[in-house]
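**Student:** my questions concern the predicted model and sequence given below.
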Amino acid sequence: MDEKLQTRCVIAGGGPAGIMAGYLLARAGVPVIVLEKHADFFRDFRGDTIHPSSLELMYELGLLDEFLKQPHQEVRQLRAFVNGHVVPIADFTKLPTHCKFIAFMPQWDFLNFLSAHARAFPSFQLLMQHEVVNLTFDQQRVTGVRAKTPRGELEIRADLIIGADGRHSIIQRCAGLERQECGVAIDVLWMRISKKKDDPQQTLGFFQQGKLLVLLDRGDYWQCGFVIPKGGFDAIKARGLQQLQKAIVSFAAFLRDRVAELDDWSKIKLLTVQINRLRDWCRDGLLCIGDSAHAMSPAGGVGINLAIQDAVATANLVGGKLRAGPVSVDDLRNVQARREWPTRLIQAMQVFIHRHVVTGQTSNRKDSLPFVVSLLKWFPVLRQIPARFIGIGPRPEHYWNRGR
Ligand SMILES: Cc1cc2nc3c(=O)[nH]c(=O)nc-3n(C[C@H](O)[C@H](O)[C@H](O)COP(=O)(O)OP(=O)(O)OC[C@H]3O[C@@H](n4cnc5c(N)ncnc54)[C@H](O)[C@@H]3O)c2cc1C
């Protein structure tokens, strides 16, 4: 027989949006169960960036000092190599936040840290290896989820279901929420290459004539993201592994002695980049947040931050009411109303970056700098604009600490 549970709020997905929402709601005294389909947070692809506004939130929650004891790197300025020129892109040192840097921390460490703190609240439960497979309804109202677990099927009834299950969200599909796509011209190949002691310090991006290689420092290896034209992976495979290895070395010559580690296509994963958002983020009994409400491109590395901000807005706007009982669809619409324009603005900026910086559609000279990038090189004060946009983002959220 299926197992059945009842709680106030159930969250599908233990990514940044789900774990942060679970933490904040539990802290506000709301009984909450987070369901994560994987057994742990250790997956190959996870963005690694915790931005100044998210660090500010950690400060407001009293977690910052302990958080910064986790292994991480602090990046105060972003530089890129664009068509052979070194270009300063953003300077975070003048931001009005406690941390004037982006912390690069493996996302599994971030999620383990936050979920460990969430577990300290008696009203928080995180169930790993629990995959949401369907929703339950009472007429038009969503009343719960059905999940596959190692012990069989589980049904959880709740006053609020939060979809935080990422860009391939089953929640948005089962709820019949309509998705609007923004055209995206790129995909990303994701792979590992080992790192040596005398390699350069963390480098963020090499741009060349509409191509981009990103290297993220993961201690003993580089996590490499190689941007390719959308749908172009088959053509790259047809040209062969050696051509791909050569292309990588043409960006980062210091990898020449190791690039042959990429000796099998199974070591190269295709990540399909999407930018989209839901027309309605909610319906009676259900709210989507994070990538489940709006899938983000890696451009600017702001998706995690945005997911966290959605979680904070959710806790602020519905946490207090939810502790007492069900919330109305109008309460849920307030979350969308608060978070939709920052999302639209960032997505518009990501589309702009894809067109004008990453794919270089505005310039065909091999050694030229895109005009916007040249402005950053000429006028240092302008670097504070991307710093603010990337580091804090439009409409940063602060935890109101209403519940307790
Ligand atoms: C190639 C690429 C690189 C990126 N790099 C960065 C970066 O460096 N920095 C950055 O800020 N953003 C980056 N992004 C964007 C970022 O990954 C997302 O915006 C962010 O992870 C969204 O967080 P989330 O919690 O909404 O969703 P996710 O991080 O996708 O988390 C969703 C969670 O739900 C779980 N789940 C899914 N389905 C179910 C189910 N049915 N039942 C239970 N659990 C389920 C998943 O296992 C996952 O743990 C990148 C995106 C791409 C495509």
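**Tutor:** Thanks, I have it.

**Student:** would you mind listing what in the stretch 251-400 of the chain touches the ligand?
**Tutor:** Within reach of the ligand by Cβ under 6 Å from any ligand atom, the stretch 251-400 of the chain has these residues: 271, 273, 290-292, 296, 298, 301-305, 307. In this view, the C-beta of every residue, glycine as well, is placed from N, C-alpha and C.

**Student:** out of these, who's nearest Glu60?
**Tutor:** Of all those, Glu60 sits closest to Asn305, with 14.8 Å by Cβ to Cβ.

**Student:** ok, that closest one - how many residues close by?
**Tutor:** When neighbours are counted by other Cβ atoms under 10 Å, Asn305 registers 28.

**Student:** how far away is it from Ile50?
**Tutor:** With distances defined as Cβ to Cβ, to the nearest Å, the gap from Asn305 to Ile50 amounts to 8 Å.

**Student:** residues contacting whatever residue of the stretch 1-150 of the chain ends up closest to the ligand?
**Tutor:** Distance from the ligand to each residue of the stretch 1-150 of the chain (Cβ to the nearest ligand atom) is smallest for Gly15, at 2.0 Å. For Gly15, the contact set (Cβ atoms under 8 Å, 6 or more residues apart in numbering) comprises 111, 164-166, 290-291, 307.

**Student:** hmm, Pro108 is touching Phe42, no?
**Tutor:** One correction, residue 108 is Trp, not Pro. Yes: look at Trp108 against Phe42 with Cβ atoms under 8 Å: they come within range, at 4.9 Å.

**Student:** any idea of the mean pLDDT for the longest strand along the chain?
**Tutor:** Counting residues, the longest strand in the chain under DSSP state E turns out to be strand 152-163. Confidence over strand 152-163 (mean pLDDT, whole number) is 97.

**Student:** counting by contacts, list what it packs against.
**Tutor:** strand 3-12, strand 32-36, strand 131-138, strand 141-149, helix 170-174, strand 286-288, helix 303-324 (3 or more Cβ pairs under 8 Å, 6 or more residues apart in numbering; DSSP states H and E).

**Student:** strands along the stretch 1-150 of the chain, start to end?
**Tutor:** Under the criterion DSSP state E, counting those that start in this stretch, the stretch 1-150 of the chain contains strands at 3-12, 32-36, 49-50, 73-75, 77-82, 85-91, 102-104, 124-128, 131-138, 141-149.

**Student:** what residues of stretch 140-150 count as buried?
**Tutor:** Of all the residues in stretch 140-150, those buried under the rule 16 or more other Cβ atoms under 10 Å are 142-149.

**Student:** hmm, back to that, highest mean neighbour count out of the strands of the stretch 1-150 of the chain?
**Tutor:** Burial among the strands of the stretch 1-150 of the chain, expressed as mean neighbours by mean count of other Cβ atoms under 10 Å, is greatest for strand 32-36, which shows a mean of 27.

**Student:** name the residues that touch that strand?
**Tutor:** Under the criterion Cβ under 8 Å, 6+ apart, external residues in contact with strand 32-36 comprise 5, 7-14, 18-19, 21-22, 25-26, 115, 123-132, 145, 147, 156, 158.

**Student:** tell me, how many residues neighbour the closest residue to Leu135 other than its chain neighbours?
**Tutor:** When the adjacent residues along the chain are set aside, Leu135 lies closest to Cys174, with 4.4 Å between them (Cβ to Cβ, 6 or more residues apart in numbering). When neighbours are defined as other Cβ under 10 Å, Cys174 has 21 of them.

**Student:** double-check Cys174 against Phe137; I have them as touching.
**Tutor:** No: with contacts defined as Cβ under 8 Å, Cys174 does not count as touching Phe137, sitting 9.3 Å away.

**Student:** pretty sure Ile248 sits against Phe226.
**Tutor:** Yes: at 6.6 Å, Ile248 and Phe226 qualify as touching, with contact defined as Cβ under 8 Å.

**Student:** need the overlap of contacts for those two.
**Tutor:** If you check Ile248 and Phe226 against Cβ under 8 Å, 6+ apart, the residues they both contact are Leu213.

**Student:** quick one: list the elements packing against the helix or strand of the chain with the lowest mean pLDDT.
**Tutor:** Of all regular secondary-structure elements in the chain, judged by mean pLDDT, DSSP states H and E, the least confident is helix 371-378 with a mean of 73. Helix 371-378 sits against strand 85-91, with contacts defined as 3+ Cβ pairs under 8 Å, 6+ apart.

**Student:** 10 Å instead?
**Tutor:** Packed against helix 371-378, as judged by 3 or more Cβ pairs under 10 Å, 6 or more residues apart in numbering; DSSP states H and E, are the following elements: strand 77-82, strand 85-91, helix 384-391.

**Student:** for these, give me JSON lines that also has mean pLDDT.
**Tutor:** Compiled in JSON lines, the helices and strands packed on helix 371-378 are given as follows (pLDDT from 0 to 100):
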{"stretch": "strand 77-82", "mean pLDDT": "82"}
{"stretch": "strand 85-91", "mean pLDDT": "83"}
{"stretch": "helix 384-391", "mean pLDDT": "89"}
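
**Student:** to Thr97, which of the ones you listed lies closest?
**Tutor:** Comparing the helices and strands packed on helix 371-378 against Thr97 with Cβ to Cβ, the closest turns out to be helix 384-391 (7.4 Å).

**Student:** and the pLDDT at the nearest residue to Arg119 once chain neighbours are set aside?
**Tutor:** Distances taken as Cβ to Cβ, 6+ apart place Leu126 nearest to Arg119, at 7.0 Å, with adjacent residues excluded. Reading off the confidence values, Leu126 has pLDDT 98.

**Student:** low pLDDT regions in the protein?
**Tutor:** In the predicted model of the chain, residues 1, 44-45, 202-204, 209-210, 357-370, 372, 401-404 satisfy pLDDT under 70.

**Student:** report the longest helix in it, please.
**Tutor:** Looking only at the chain and at elements set by DSSP state H, the helix with the highest residue count is helix 329-353.

**Student:** just want the angle from that helix to helix 303-324.
**Tutor:** 180 degrees (axes from the mean of the first three to the mean of the last three Cα atoms, to 10 degrees).

**Student:** give me the number of residues near Leu271?
**Tutor:** 13.

**Student:** next: the one 10 residues further on.
**Tutor:** By the criterion of other Cβ under 10 Å, Trp281 has 25 neighbours.

**Student:** ditto for the one 5 residues further on
**Tutor:** Other residues within reach of Leu286 by the criterion other Cβ under 10 Å amount to 26.

**Student:** right, I'll call it a day here.
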